[in-house]
Structure formats: structure tokens, C-alpha cells
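Student: any chance you can model this:
(2 chains)
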Amino acid sequence: MVASTVKKLLRAGDWLATPLNAARYLETINPLWSDHGRGRVERLIQETPDTVTLVIRANGAWAGGEAGQYVQLGLDIDGVRYWRCYSLASPVQPGSREFSVTVNRLDGGRVSTYINDCLRAGDLVHLKATAGDFVLPAQRDDQKLLFISAGSGVTPVMGMLRQLIAERSGADVVMLHFSPDYAHCIFHDELRASNSEQRRIHLAVTREDARDGDLAGHFSADMLEQVCPDWRSRQAYVCGPSSLMSAVSELFLGAGLSSQLKQEAFVLKRAEVPEGAGGKVGFVVAGKQVDADGKTSLLEVAEGAGLTPEHGCRMGICCGCLATLKEGQVRDLNTGEVFGESGEKVRICVCAAAGDVSLEL
Amino acid sequence: MTSLNHSHSAVPVHPSLAHLSAADRDAFADEVEAIEARVMSSLGARDARYIRRLISAQRWLELVARLVIFAGILHWSGFIIGALMLALAKILENMEIGHNVLHGQWDWLRDPDIQAATWEWDNVCPSAQWQRSHNHLHHKWTNVIGMDRDFGYHILRLSDQQPWHPGYLVQPVSNLLMALFFQWGVAIHDDELATLRQGETPAPRARQKLDNLLRKIGRQLGKDYLLFPLLAGPFFLPVLAANAAANLLRNLWAYAVIFCGHFPDDVHEFTPEQVANEDRGHWYLRQVLGSANISGGPLMHLLSGNLSHQIEHHLYPRMPSNRYAEVAPQVRELCARYGIPYNSHGLARQLFTVWRKVFRYAVPGRNDTVLQAR
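Tutor: Numbering: from 1, shown residues only, chains lettered A, B, ... in the order given. The predicted model follows:
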């Protein structure tokens, strides 16, 4: 009732706010009164020397999500907005809209480094809707679950575990989590404390001697048999580095149980592009794809494919030809620099494909 | 390749560039681009803070201005003070924010709300239509007579290179009307809408464009001349008048700044032949010769949307406007070294010479081409 009245008022306000909408003025007063998903960092928790948890309170415009899904988090770093996906490491609290993500510093990772070093409580983050099917089954009280994780792959699993604990679920859980050593074991204390008859949590370390009752070494079928002999009858989840992911998925594939395994890859690798190589160029609007070398400007490639993009000087000066990069990277033919983030505008008259790219043309 | 042949070819080069060899022009272009590269690689949080704070300040100013206008119900001075504040808000929105955002100067922020592709400004001309005629036509063909539709806006004769016809006799009046109704002039002088009358532009595209224009006009008029006045009830007319005054002041100011950008004395014009085989150096040199700056302090720069740095803006249309002040001395020094005139004078002097041209070219000169009345 109240909400619908507010909505009606806002719609009326849009006419007064034209050519913008009322939300643009409201967010001037309070950035969280925006119609875009936004959140405030309520507090930060240092989990390990290079991992930090952000507790974020989202505004009403953010659609929410389930533990284990990933949310796109947008941060302005040196003025430029970068978006990265992070798993919800907690369920979203219904009243407060609070949730957490846990971010491990990656070598050379601009965003993860910024989050670890520069982000402060009270800072604003941008949020996009969550996605992913790495979530608990809808009917779970009588289910038997198996979680396998390694490193920061523990975050979506932790989200699901916290949700089960919070809702006092009857689900039977076995968890197997790998860390290089105890100092870098994210959520170490909470995992220990959550270990119970109903939720049996096994920690394994790969580069340090295992302590009381813990396991040593990498994942193997034998290890799984040892801690969870009934793994074949469980709904399983795996999240971690690609070595772990492939070891687990091969085991399930061999047992004919692939359909029982949910996987979440969390490291996106950018394909290495050989110096000077081109790639496939996709024109999203026109629905065309063509091969291009690394020397021909994307404008010429587009024209060769029968498109007629707007352009001006064809010298890289006037920016009359800017097109939005959807995926992939481009090479500046003047400087040789390879660059490109999704959503960036590129001058197609002086940029060539560096690997596969798609453009909003 | 073109550039090498060019200096030896019969293609007429603009006289002010005759003293520069192809190598000089290349070197000039390199230096122009080096200045740009230094600034563009140093963009960061400071610049982002500038535009975000400016947008925020502008929106506060507009909110307060509307409230002060309503406060005119309690005391008449509110209508006047509010109208002045609203004029200032609209000037900031159109010039330092809108114009520059629509150039894509802030696209690098990757903020979907501050993007050339999505920004809609508080002006009857739809952003997309203006971007095409301004970014793609005016900036590409700066001061090329017959190609740059913004040269005289097809209403005024401001150069002896434009053939005279009797219609220009009334241009002192057209000039005044242009100043009063500047946003309308910008909205209707679009080339595709002009050809719609002549049936040249493919009908669906022109139709679509006209629909967008009419919708935008409807919303703009509805806001300032219907909805806000209606909210004031019996004070409908004073609120309408205050809003009209704000729009009028914005028009006059935008007219003044923009006419000073390309039409004062000593700004150069070009023929299509002179730019037919233009190289990189020619391009930049034409932008310098075809533009004029307005000298002044930070307030002049802010209120003019940094079009007081018209020369720098035409060299670097994508450079965030808050950086023009810092590159202007470098560009000026560069021009001095290459013997290129750099046109910068106060607002009054620039405007005076524009108006003098309006009167002078209303009548044909002794050697001017005269078109018979159409």
C-alpha cells in the first residue's frame, strides 16, 4: 500500500524531473535512494592476511539473491567503475538486506587489491542482480549434501552452510575444505565451530603438517572415500581452483553421477592472445560474425561485413566511431596497446581485434 | 601517403598554413597528441570527483531554485531570485555538464548515468539528434563552408565565402531571434529534418527523428510551462514566467558563448577543396584556426562549459573539460612556436566582432558572389 503510493508519487515526480527521472534527484540527497542497486559497506572483517569480508547493506533497488549465487559488485577505482563477481558468503537477511562477500586478494587483481587495501566501512558499492544455480536444493531438510572447496572457493559453500545453520535445517552435511596452510584457511575458526554430528566438516592442508584429526594433501578419491563413504548418494557441490574442479568432476563422471554435482568456477582466465593475432569479431546488433586479422581496423572489418557504422575522421581523432565493447580485447593500432573491459567505448577506426571480440554494432 | 603528395599537389592549402611543410605538420600533430596523452593517462579520482560533485551541486541548485520560485508566493522576490538560480542551474546542466557528457568526455568513468550514449539534457533538442549534428558534423567539418552546418546555422552569412542573397538582409533580426530562441534554433536546424521537407531523408528515419523531437519538446514544455506552474495553483502565471525567464537567460548565454567560439574576427574559414586531402596535421591546424577562445577566470570557464577553451575543445573533444585550463597554455605556446594564430579575447570583444560581422555580411561586398533571389 505504502510502497505503491511511493511508486505513484515517483512516477509523477518523473514528469517534473524530465529529462531525467525523480530517482536521479533523490540519489543526490542520499545515494542509497537510487533506482540502481547500491549498498553501503557496514563493516570489514579481516579473515586472513589477504582475505577480507565485506558486510554490505543493500538498498531497495537491489533484487537480492540466494547464498551461493554470485553478485556483481561495482567499485569506482581511480574514477573508473569496475565490475567483478563475488559469491554471496551469507544468506541475505530479509529485514536488513544485509549480506556478505569475502574477497581474496589476487596477484595483480585491481579490484581485489583495492577491496583489501582501500575500501572502508561506510563506502558505497554498486550492485547488480545475483545469478547462478550454485544454491541449496529447494527441499533440503531431509537431503544429504556434500561440499568440496579449496582456497577462496569456500565462500559460496560458506554461504550455504551459514544458511543451513541459520534455518536449523535437518540436512545432513559433509564438507571437505582445502587450504594451503592454517594461516590462509578462510573462515577457519567458524568452520571448526560449525563442526557437529549433523554437519561434519573436514579441513585439509596441502603445504603444512596437519593438526589433530585434519587431513593432509590434495583431493583424491581415497580421501573422499575415507571422510564420506556415502558420497555417491549425496548432492555434491564443488568450488575451487581448476585442478580441484577437474579432479572432482572426473570422479563423478567416472561414477556416472555428473548430474549430482554442481560446480562453480571462480577464476576467469583471459585467453592469452599471441602478439599481433586477430580473432573472431561479433557484431551483436547486426547479428554477424566474421574473422579478422590483428592489423585491420574494426571499422574496416565492420564495413567489410556490410555494416555502415557512424564514423568521422578515420584517424582516431574525432571519436565519431566509438562503439561499445561487449567482450574481448582490442589493440590500438597506433600504440600497440592491448586493452578492453566489457562496456568500454573503443575507437573502431584505429583499433583491431586482439583475440575474439564482440561489439555493440 | 596523402600527406606527402599533398604539399606538392595543386590542392589549395589554407594561406595561414602555407609556411608549414608536411614534416612540420606531422611534428605539430605529434605535439598536440603528446599533450593529450599526458592528460588522458593522468585521469583519475580527482576528475571523477569533479564531475560527480558538479552534477550533484547542479541538481541541488535546481531543486532549491524551484522551491525559491514557489516561495515567490510568499514574497514576489522569490520569483526573480528563483528564476536567476534556475537559469544558472540550466546553464550548468546544458554547458559544463550536458555538452561535455554528450561528447563522451566522461565515458571513461564507465558510469551508466554519466555516458554520452544515455545522457539526456534539459534542452528541447534530443541528445541523440544533437550529438549527430554536433559531434559528427560540426566537429568533423569545423568551419568548412558548406559542410559545417553550424557555420551561421544556415541563417546567417558570416563570411565572404558564403554567397550573398537578399534573404541575408534581415540577418540582424534573425541573429536576435537566434539569441532569444537558441535552443529551438539548435533543435530545428538538423540536416535530416531539413531534408525531410525536401523529401530526401528516407521517410521512416526522418519520421522517427521528428517523433523523438516532438516528444522531447512536449516533455520539456510540459515541465516548465504546465506542471510546475500548475503546482503553484493560483500563482500559475508567475511560476510560468519565472521558468520562461530561466530558459530565456540560458538561451542568451548559450548563444553568446557558442557564437564566440567560431564567428569572431580572425577566425578562419575553409573551403571543401582545402580539406579534401587533409592529413592529421591539417586536421588539428584547422581546429585551431577555426576556433576562438574567450579569456577569463575560472567562473567564465565553468559557466561557458569550458567552451571558453573552444580551441582546446576542438583539438580534444573527448578530454574532460576540467582539464582544458591546464592544457591551454601548452597549446598556446605550441601554436606560437609553429606560427599559428591563437585567437583569445574577452567575451565583450569577441561578441562585438561577431555582431559587426552580422551587420557587415548582411549586404554583399564588392567582390562577393551574389546568388539571385531564389
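Student: what's the spacing between the closest residue to chain A within chain B and A:Lys144?
Tutor: Closest residue of chain B to chain A, Cβ to the nearest Cβ: B:Ala48 (3.0 Å). C-beta coordinates here come from the backbone N, C-alpha and C atoms, glycine included. Distance of B:Ala48 to A:Lys144, computed by Cβ to Cβ, to the nearest Å: 51 Å.
Student: who has more neighbours out of those two?
Tutor: Comparing B:Ala48 with A:Lys144 by other Cβ atoms under 10 Å in any protein chain shown, the one with more neighbours is B:Ala48, at 22 against 16.
Student: sec struct for the residue of the stretch 201-350 of chain A found nearest chain B, please.
Tutor: Per Cβ to the nearest Cβ, A:Gly312 is where the stretch 201-350 of chain A lies closest to chain B, at 4.3 Å. Three-state call for A:Gly312 (DSSP: H, G, I helix; E, B strand; the rest coil): coil.
Student: same thing with A:Pro94?
Tutor: Under three-state DSSP, A:Pro94 falls in the coil class.
Student: count of neighbours near it?
Tutor: 8.
Student: contacting residues for residue 358?
Tutor: Picked chain A for this. A:Val281, A:Gly282, A:Phe283, A:Val284, A:Leu325, A:Lys326, A:Glu327, A:Gly328 (Cβ atoms under 8 Å, 6 or more residues apart in numbering or on different chains).
Student: that answer is for a different chain, and I need it for chain B
Tutor: B:Leu156, B:Leu158, B:Gln171, B:Pro172, B:Asn175.
Student: for the residue of chain B closest to chain A, which non-adjacent residue is spatially closest?
Tutor: The spatially closest residue to B:Ala48, leaving aside those adjacent along the chain, is A:Gly79, at 3.0 Å (Cβ to Cβ, 6 or more residues apart in numbering or on different chains).
Student: swap in A:Phe252?
Tutor: Per Cβ to Cβ, 6+ apart, closest to A:Phe252 is A:Leu261, 4.4 Å.
Student: tell me the centre residue of the chain?
Tutor: Picking chain A for this. Relative to the mean C-alpha position of chain A, the nearest C-alpha, by Cα atoms, centre = their mean, is the one of A:Cys85, at 1.7 Å.
Student: right idea, wrong chain: chain B
Tutor: B:Ile258 (4.8 Å).
Student: what helix or strand does that one sit in?
Tutor: helix B:236-262 (DSSP states H and E).
Student: which parts of that helix are buried?
Tutor: B:238-243, B:245-251, B:253-262 (16 or more other Cβ atoms under 10 Å in any protein chain shown).
Student: before we move on, what about stretch B:145-163?
Tutor: Buried, per 16+ other Cβ under 10 Å, within stretch B:145-163: B:145, B:147-153, B:156-162.
Student: that one near chain A at all?
Tutor: No - using Cβ under 8 Å from any Cβ of the partner chain, stretch B:145-163 stays clear of chain A, coming no nearer than 12.0 Å.
Student: got the contact list for that stretch?
Tutor: Residues contacting stretch B:145-163 (Cβ under 8 Å, 6+ apart): B:133-134, B:137-138, B:141-144, B:164, B:168, B:171, B:174-175, B:178, B:185, B:189, B:191, B:194, B:262-263, B:269-272, B:275, B:354, B:357-358, B:361-362, B:365, B:367-371.
Student: just the buried residues from the residues you listed, in PyMOL please.
Tutor: In PyMOL syntax, the buried subset of the contacts of stretch B:145-163 is picked out as below (16+ other Cβ under 10 Å):
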select buried, chain B and resi 133+134+137+138+141+142+143+144+164+168+171+174+175+178+185+189+262+263+269+270+275+354+357+358+361+362+368
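Student: how about the residues of the stretch 1-150 of chain B by chain A?
Tutor: B:43-49, B:55-56, B:59-60, B:63, B:103-104, B:107-111, B:113, B:116-117, B:120-122, B:132, B:135-136, B:139-140.
Student: what subset of those is buried?
Tutor: Buried by 16+ other Cβ under 10 Å: B:43, B:47-48, B:55, B:59, B:103-104, B:107-111, B:113, B:116, B:120-122, B:132, B:135-136, B:139-140, out of these.
Student: do I have it right that B:Ala242 meets B:Ala83?
Tutor: Yes - under the criterion of Cβ atoms under 8 Å, B:Ala242 makes contact with B:Ala83 at 4.0 Å.
Student: pLDDT score assigned to residue 263?
Tutor: Using chain A. A:Gln263 carries a pLDDT value of 92.
Student: chain B is the one I meant
Tutor: In this model, B:Phe263 carries a pLDDT of 94.
Student: in contact with the closest residue to it other than its chain neighbours, which residues?
Tutor: Among residues not flanking B:Phe263 along the chain, B:Val354 sits closest, at 4.7 Å (Cβ to Cβ, 6+ apart). Taking Cβ under 8 Å, 6+ apart as the criterion, B:Val354 is in contact with B:Leu158, B:Phe259, B:Cys260, B:Phe263, B:Pro264.
Student: for the host helix or strand of B:Val32, which helices and strands make contact with it?
Tutor: B:Val32 belongs to helix B:22-41 when assigned by DSSP H and E. Under the contact criterion of 3 or more Cβ pairs under 8 Å, 6 or more residues apart in numbering or on different chains; DSSP states H and E, helix B:22-41 touches helix B:2-6, helix B:280-289, helix B:324-337.
Student: ranking those helices by mean neighbour count, which comes first?
Tutor: helix B:280-289 (a mean of 24; mean count of other Cβ atoms under 10 Å in any protein chain shown).
Student: ok, and what's touching that one?
Tutor: A:313, A:315, A:317, B:3, B:6, B:13-14, B:16-17, B:20, B:22, B:24-26, B:28-29, B:32, B:142-144, B:267-268, B:270, B:275, B:278, B:311, B:314-315, B:331, B:335, B:340-342.
Student: so what's the residue count around residue 186?
Tutor: Went with chain A since none was named. With other Cβ under 10 Å as criterion, A:Ile186 counts 23.
Student: that's the wrong chain, I meant chain B
Tutor: B:Val186, neighbours per other Cβ under 10 Å, totals 23.
Student: who's in contact with it?
Tutor: B:Asn123, B:Cys125, B:Trp130.
Student: list only those of those residues flagged as buried.
Tutor: Here, 16+ other Cβ under 10 Å leaves B:Asn123, B:Cys125, B:Trp130 buried among those.
Student: low-confidence stretches in the chain?
Tutor: Picked chain A for this. A:1-3, A:266-273 (pLDDT under 70).
Student: sorry, I should have been clearer: chain B.
Tutor: B:1-12, B:196-197, B:199-202, B:371-374.
Student: please redo it, this time with the cut-off set to 80
Tutor: For chain B, applying pLDDT under 80 flags the ranges B:1-13, B:136, B:190-205, B:366-374.
Student: quick one: which of the buried ones among the residues of the stretch 1-150 of chain B next to chain A sit in strands?
Tutor: Among those, no member falls in strands (DSSP state E).
Student: rewinding a little: which of the residues in the helix holding B:Val32 are buried?
Tutor: B:Ala22, B:Asp24, B:Arg25, B:Phe28, B:Ala29, B:Glu31, B:Val32, B:Glu33, B:Ile35, B:Glu36, B:Val39.
Student: one step back: what is in contact with B:Ala242 and B:Ala83 at once?
Tutor: By Cβ under 8 Å, 6+ apart, B:Ala242 and B:Ala83 have these common neighbours: B:Ile69.
Student: and B:Ser42, how many neighbours?
Tutor: Neighbour number of B:Ser42 under other Cβ under 10 Å is 11.
Student: what about B:Arg323, distance to A:Arg81?
Tutor: B:Arg323 is 20 Å from A:Arg81, by Cβ to Cβ.
Student: who has more neighbours, these two?
Tutor: Between B:Arg323 and A:Arg81, B:Arg323 has the larger neighbour count (other Cβ under 10 Å), namely 22 against 18.
Student: before we move on, back to that, state the pair within the contacts of B:Val358 that is farthest apart.
Tutor: By the measure Cβ to Cβ, B:Leu158 and B:Pro172 form the most distant pair in the contacts of B:Val358, at 12.4 Å.
Student: okay, now the domains of chain A?
Tutor: Taking automatic domain parsing as the criterion, chain A consists of the domains A:1-30, A:35-131, A:144-264, A:279-359.
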